[in-house]
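> fold the following and give me the result.
(one chain, ligands or ions: 1)
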Amino acid sequence: MSSDTALTAEALGKRFRRRAGWALRDCSFRLPAGRVCAVVGPNGAGKSTLLALAAGLTAPTEGAVTVLGTTPSAARPRVGYVAQDKPLHPQLTVAETLRMGADLNPAHWDAAGAERVVAAGDLDPEARVRSLSGGQRTRVALALALGKRPELLLLDEPMADLDPLARHELMGTLMAQAAQYGTTIVMSSHVVAELEDSCDHLLLVGSGRIRLAGEIDDLLAAHLRISGAAEPAALDGHTVVESRVTGRQLSALIRPAGPLPEGWRTAAPSLEELVLAHLRNPGAPALTPAENQEYAA
Ligand SMILES: Nc1ncnc2c1ncn2[C@@H]1O[C@H](COP(=O)(O)OP(=O)(O)OP(=O)(O)O)[C@@H](O)[C@H]1O
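Numbering: from 1, shown residues only. So this is what the prediction gives:
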């Protein structure tokens with residue numbers, strides 16, 4: 001696989017126990033290097049499972065995931081991963097935690113960068129991790145991951161317990177890292193509005209399957225919000241993600257297959273509208289490279 005690809009999944013599937021259902025199934029996508037990718041989906045959709053598979057913390061039940069051109073375990077030195085529960089050693093101080101990061105990554109530890117992240121949160125370097133708030137712990141976990149100067153950062157709901165100012169500041173730090181070093185960032189989140197300005201790639205996961213995958217601009221361009229007179233055959237031939245009839249008025253989010261009838265009002269959806277429409281309609285046809293070869297080309 002070429003080095004311009006950060007992450008590839010091929011028919012990737014994970015079942016945690018033989019009799020359990022699939023946490024992730026038949027998942028195929030390619031994430032080019034240098035992208036900031038949002039992973040969104042409802043609770044239990046499989047987002048953490050996908051990130052853990054990419055981090056090499058769990059093995060696929062079927063299919064394969066390729067990370068930076070190799071296996072997840074071989075890529076680990078080049079990957080930063082922050083799990084949802086931000087595991088750290090509670091008995092260490094903040095300074096000791098960063099020293100541990102330096103010891104574990106002697107080749108390319110960015111001490112100044114990691115210390116800057118901690119200092120921006122006014123954290124006492126001598127404070128023990130167990131005495132920190134959830135948001136402060138998140139900051140230390142992100143400092144550890146960023147200090148590693150990874151080529152790929154896998155972040156599982158990194159902003160969930162941060163206050164709005166800390167979110168804004170840390171998102172800025174992440175974007176600066178991506179811009180300066182070309183770091184690929186894959187970040188799960190439930191706050192879609194927050195991702196619109198920072199992410200350029202989307203993986204929408206629902207019920208263990210990839211529902212939307214691709215560049216956000218391409219995905220938005222493939223969809224249209226339309227409204228017009230509610231005629232039964234109005235949307236024939238187009239892919240309807242969501243539609244609603246109010247009186248004699250029809251409004252819908254569609255993937256047009258060709259020109260629309262005269263008289264329809266059309267508008268480009270926002271990322272939040274696109275994601276919410278797909279989340280509200282889990283049966284809507286997926287749009288991923290596997291579903292649409294022309295789109296993938
Ligand atoms: N270690 C595990 N053992 C058994 N089942 C698991 C395990 N981890 C996840 N699952 C199951 O896999 C499915 C996907 O879970 P996952 O944590 O990946 O979802 P998620 O999209 O990250 O959810 P959330 O938004 O709530 O964090 C769920 O049904 C969950 O119960």
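
> show me how far the lengthiest helix in the chain is from its chain's centre.
Under DSSP state H, the helix in the chain containing the largest number of residues is helix 164-181. Remark: helix 164-181 is offset 15 Å from the chain centroid, using C-alpha atoms, centre = their mean, to the nearest Å.

> where does the stretch 101-250 of the chain dip in pLDDT?
232 (pLDDT under 70).

> that one: strands as residue ranges?
152-156, 184-188, 201-206, 209-215, 224-229, 239-246, 249-255 (DSSP state E, counting those that start in this stretch).

> hmm, who's touching the fifth one?
By that I understand strand 224-229. 234, 248-256, 260-261, 263-269, 273 (C-beta atoms under 8 Å, 6 or more residues apart in numbering). C-beta coordinates here come from the backbone N, C-alpha and C atoms, glycine included.

> who does the helix or strand hosting His278 touch, helix- and strand-wise?
Following DSSP states H and E, the helix or strand that holds His278 is helix 271-280. Secondary-structure packing of helix 271-280 (3 or more C-beta pairs under 8 Å, 6 or more residues apart in numbering; DSSP states H and E): helix 192-195, strand 201-206, strand 209-215, helix 216-221, strand 239-246, strand 249-255.

> quick one, phi/psi of Ala54?
Backbone torsions for Ala54, taken as degrees, to the nearest 10, come to phi -70, psi -30.

> can you give me the buried ones in the helix holding His278?
271, 273-275, 277-279 (16 or more other C-beta atoms under 10 Å).

> run the angle between that helix and strand 239-246 for me.
Angle of helix 271-280 versus strand 239-246, following axes from the mean of the first three to the mean of the last three C-alpha atoms, to 10 degrees, is 90 degrees.

> does any part of helix 271-280 sit near the ligand?
No - counting by C-beta under 6 Å from any ligand atom, the ligand is not contacted by helix 271-280; separation bottoms out at 11.8 Å.

> for PyMOL, what selects the buried ones among the contacts of strand 224-229?
Applied in PyMOL, the following selects the buried portion of those according to 16+ other C-beta under 10 Å:
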select buried, resi 234+250+252+253+254+255+256+260+264+269+273
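
> sorry, back to before: could you check the angle strand 224-229 makes with the helix holding His278?
Helix 271-280 runs at 70 degrees relative to strand 224-229, counting by the same axes, to 10 degrees.

> against the ligand, how distant is Gly44?
4 Å (C-beta to the nearest ligand atom, to the nearest Å).

> and that residue, what are its phi and psi?
The phi/psi pair for Gly44 (degrees, to the nearest 10) is phi 80, psi 10.

> what is the neighbour count of it?
Each residue near Gly44 was counted by other C-beta atoms under 10 Å, and the total is 13.

> before we move on, back to that, which other helices and strands contact the longest helix of the chain?
Under the contact definition 3+ C-beta pairs under 8 Å, 6+ apart, helix 164-181 sits against strand 36-40, helix 111-120, helix 134-147, strand 152-156, strand 184-188.

> is it possible to export the ones you listed to CSV including distance to the ligand and mean neighbour count?
Formatted as CSV, those follow (distance: least, C-beta to the nearest ligand atom, whole Å; neighbours: other C-beta atoms under 10 Å):
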stretch, distance to the ligand, mean neighbour count
strand 36-40, 8, 25
helix 111-120, 24, 17
helix 134-147, 15, 23
strand 152-156, 7, 24
strand 184-188, 7, 25
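
> which one of these lies nearest to Arg128?
Arg128 sits nearest to helix 134-147 of all those, at 10.9 Å, using C-beta to C-beta.

> report the inter-axis angle for that closest one versus helix 111-120.
Using the same axes, to 10 degrees: helix 134-147 against helix 111-120 is 170 degrees.

> distance from helix 134-147 to the middle of the chain?
18 Å.

> now Leu68: closest residue in space, sequence neighbours ignored.
Ala75 (4.5 Å; C-beta to C-beta, 6 or more residues apart in numbering).

> correction: Glu169
Ala120 is the one closest to Glu169 (C-beta to C-beta, 6+ apart), at 6.0 Å.

> I figured that neighbour hits His168, correct?
No - using C-beta atoms under 8 Å, Ala120 is not in contact with His168; the gap is 11.2 Å.
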